[in-house]
Every structure is written in C-alpha cells, then in structure tokens.
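*Asks:* Test case, fold it:
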Amino acid sequence: MRMGEFSRRTGVSQRLLRYYEEQGLLRPARRPSGYREFAEEDVATVRGIRILLGAGLNTATIAELLPCMVDDGKVLAPGCPGMLPDLKRERDRIDGAVAGLLAARSTLDAVIAATVPDGAGDPDACYAAGSA
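*Replies:* Have a look, this model is predicted:
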C-alpha cells in the first residue's frame, strides 16, 4: 500500500512515517517510480513502534529491540529473555526521570507554600526587580 493509505491505516502522519524510515524503524519497498510501498506487516511494525515510544524508549533503542519483539496483535513482548536487561535498564532510566520530576515538584510546592499571601507585601516589589 502507498503512503497515504498506510498513514490512514496506522493513524500516523506521513511526516512521522518518513521519520521512522530515516531512523531505520521502517523499511518500505520502493516502486520504480520511487514511491514507497508498505506491506501489511508494516502496520504491526508501526504499532510496535508506537507502543515502545509510549513506554518512553527512544528511537535508537527501539531500532535495537523491535526486531526481537513478538506482537500477537494483543501484546508486544520480548522474543527472548536476553532482552530483559535492556528493558530493565530503560525502566531504571525512566524511574530516575520520574524521581527527578517528583523532586522538582516538591521544591516548587515549597516555594509556593512560602509565598507571601495576597495583600501582605508591597505589590510593586514583584515588578521592581524586572524593570531595572
């Protein structure tokens, strides 16, 4: 199928499909005219890409892992236990990012809690620093 139909079938924009191709995630055949020709199994490949992107993996990691994934139409799963260290490493990276965001939110909460209530301070003081 050609790009327009493939985009409709997958729900992914043509621009994003070209990006997936640039990243080596998709390898459509080319017609003599140069047009891309996608196969039915490419629909499942895009589904796998979207799942792994949703799991927080970057395209370089997906390019390494996707060929070893098994998609039964319901679940995307590692094709062999040797992939588990990579997947656990990615999960640990995400855990670290979540911890960093939670710490940032906690700091922001403390700043908000320490803010002087309305009417308690000089209303022009907030603008004095920015106008200098």
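*Asks:* Can you identify each of the strands in the chain by residue range?
*Replies:* In the chain, the segments counted as strands under DSSP state E are 29-30, 36-37, 69-71, 76-78.
*Asks:* Compare the ones you listed and give me the one nearest R15.
*Replies:* Among those, strand 36-37 comes nearest to R15, with 13.1 Å by CB to CB. Every C-beta, even on glycine, is put in place using the N, C-alpha and C of the backbone.
*Asks:* Return the distance of the closest one from the chain's centre.
*Replies:* Between the centre of strand 36-37 and the centre of its chain there are 25 Å (CA atoms, centre = their mean, to the nearest Å).
*Asks:* ok, now how distant is F38 from R8?
*Replies:* Per CB to CB, to the nearest Å, F38 is found 11 Å from R8.
*Asks:* Would you mind telling me which of these two has the busier surroundings?
*Replies:* Neighbour totals were compared for F38 and R8, and F38 leads with 23 against 11 (other CB atoms under 10 Å).
*Asks:* give me the number of residues near the closest residue to the more buried one other than its chain neighbours?
*Replies:* Distances taken as CB to CB, 6 or more residues apart in numbering place F6 nearest to F38, at 4.2 Å, with adjacent residues excluded. Here the number of neighbours of F6 (other CB under 10 Å) works out to 22.
*Asks:* sorry, back to before: right, so the strands of the chain: which one is the most enclosed?
*Replies:* Neighbour counts (mean count of other CB atoms under 10 Å) averaged over each of the strands of the chain peak at strand 36-37, with a mean of 16.
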